[in-house]
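[1] Prediction below, plus the sequence it came from.
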Amino acid sequence: MTDAMQPDTEFAGAKDGFERLWTPHRMAYVTGERPSEDAGDGCPFCAAPDKDDQTGLIVHRGSTCYVVMNLFPYNPGHVLVCPYRHVSLYVELTDEETSEFTRLTKEAIAAIDAASGPHGYNIGMNQGAVAGAGVQAHLHQHIVPRWGGDSNFLPVIGQTKALPMLLEDVRSRLVAAWPGGAAAPAAGS
């Protein structure tokens with residue numbers, strides 16, 4: 001077989017006028033194994049704080065919670081607020097964790113505002129598989145910046161999200177825009 005593209009007339013199905021953007025690399029995320037309920041057992045939110053900030057995509061470290069870039073962002077600047085402690089439900093946070101979780105959410109919004117000026121936000125948590133949690137064993141809150149016209153046909157038709165910036169470029173901007181200055185350096189960062 002040659003490397004030439006097959007004409008769409010040779011495919012099964014009715015011609016619908018749409019081009020297809022195939023993203024087979026995303027299957028690793030779709031079908032990949034999920035972390036267990038045990039802390040550290042493949043949990044990306046337990047692993048991230050053990051890495052240096054750039055490698056772990058950490059934007060800011062607090063004493064009980066931290067902010068990290070979403071590895072599969074909906075939009076540039078999509079971050080997650082996570083407790084260091086491996087808990088799955090918001091109601092399992094201590095009062096100290098809840099306070100910092102809320103403060104870091106507000107600070108992340110201020111940093112995103114300063115770095116990119118979005119028109120709005122989606123903020124929320126998915127608790128449990130039926131609620132859409134991809135990693136249900138470790139609590140995390142999504143902060144997704146939104147702009148007018150940021151949704152188009154690509155995610156719906158092509159299962160592809162066009163992102164204009166690399167994760168590290170966005171992370172660097174957010175670190176620089178973090179309220180009160182850059183995050184305190186962590187070990188190895």
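    Arrived safely.
[2] Name the residues of the longest helix seen in the chain that are buried.
    Taking DSSP state H as the criterion, the chain has its longest helix at helix 95-116. Buried positions in helix 95-116, judged by neighbour count with 16 or more other C-beta atoms under 10 Å: 97-98, 100-101, 104-105, 107-109, 111-112, 115-116. C-betas here are computed from N, CA, C, even on glycine.
[3] where exactly do the strands run in the chain?
    Using DSSP state E, the strands of the chain run over residues 58-61, 65-69, 79-83, 120-124, 141-146.
[4] which one of those strands is the most hemmed in?
    Mean neighbours per residue, mean count of other C-beta atoms under 10 Å, is largest over those for strand 79-83, with a mean of 26.
[5] Tell me what angle that one forms with strand 141-146.
    Relative orientation of strand 79-83 versus strand 141-146 (axes from the mean of the first three to the mean of the last three C-alpha atoms, to 10 degrees): 170 degrees.
[6] what's the angle from strand 79-83 to strand 65-69?
    Using the same axes, to 10 degrees: strand 79-83 against strand 65-69 is 150 degrees.
[7] residue contacts, the spatially closest residue to Arg171 that is not a sequence neighbour?
    Nearest non-adjacent residue to Arg171, counting by C-beta to C-beta, 6 or more residues apart in numbering: Met69, 5.1 Å away. Taking C-beta atoms under 8 Å, 6 or more residues apart in numbering, we find Met69 in contact with Leu57, Val59, His78, Val79, Leu80, Leu167, Val170, Arg171, Leu174.
[8] Quick check: which of these has the minimum pLDDT.
    Lowest pLDDT of the contacts of Met69: Leu167, 82.
[9] picking that back up, let's see the longest helix of the chain as PDB, backbone CA atoms only.
    Output of helix 95-116 as PDB, limited to C-alpha atoms (Å, rounded to 0.1, in the frame of the first residue of the first chain):
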ATOM      1  CA  ASP A  95     -11.400  23.400  57.000                       C
ATOM      2  CA  GLU A  96      -7.900  24.500  56.300                       C
ATOM      3  CA  GLU A  97      -7.900  22.700  52.900                       C
ATOM      4  CA  THR A  98     -11.300  24.100  52.000                       C
ATOM      5  CA  SER A  99     -10.100  27.600  52.800                       C
ATOM      6  CA  GLU A 100      -7.000  27.300  50.700                       C
ATOM      7  CA  PHE A 101      -8.900  25.500  47.900                       C
ATOM      8  CA  THR A 102     -11.200  28.500  47.700                       C
ATOM      9  CA  ARG A 103      -8.400  31.000  47.900                       C
ATOM     10  CA  LEU A 104      -6.400  29.300  45.100                       C
ATOM     11  CA  THR A 105      -9.500  29.200  42.900                       C
ATOM     12  CA  LYS A 106      -9.800  33.000  43.300                       C
ATOM     13  CA  GLU A 107      -6.100  33.500  42.700                       C
ATOM     14  CA  ALA A 108      -6.100  31.300  39.600                       C
ATOM     15  CA  ILE A 109      -9.000  33.300  38.200                       C
ATOM     16  CA  ALA A 110      -7.100  36.600  38.900                       C
ATOM     17  CA  ALA A 111      -3.900  35.100  37.200                       C
ATOM     18  CA  ILE A 112      -5.900  33.900  34.100                       C
ATOM     19  CA  ASP A 113      -7.600  37.400  33.900                       C
ATOM     20  CA  ALA A 114      -4.200  39.100  34.000                       C
ATOM     21  CA  ALA A 115      -2.600  36.700  31.600                       C
ATOM     22  CA  SER A 116      -5.300  36.400  28.900                       C
END
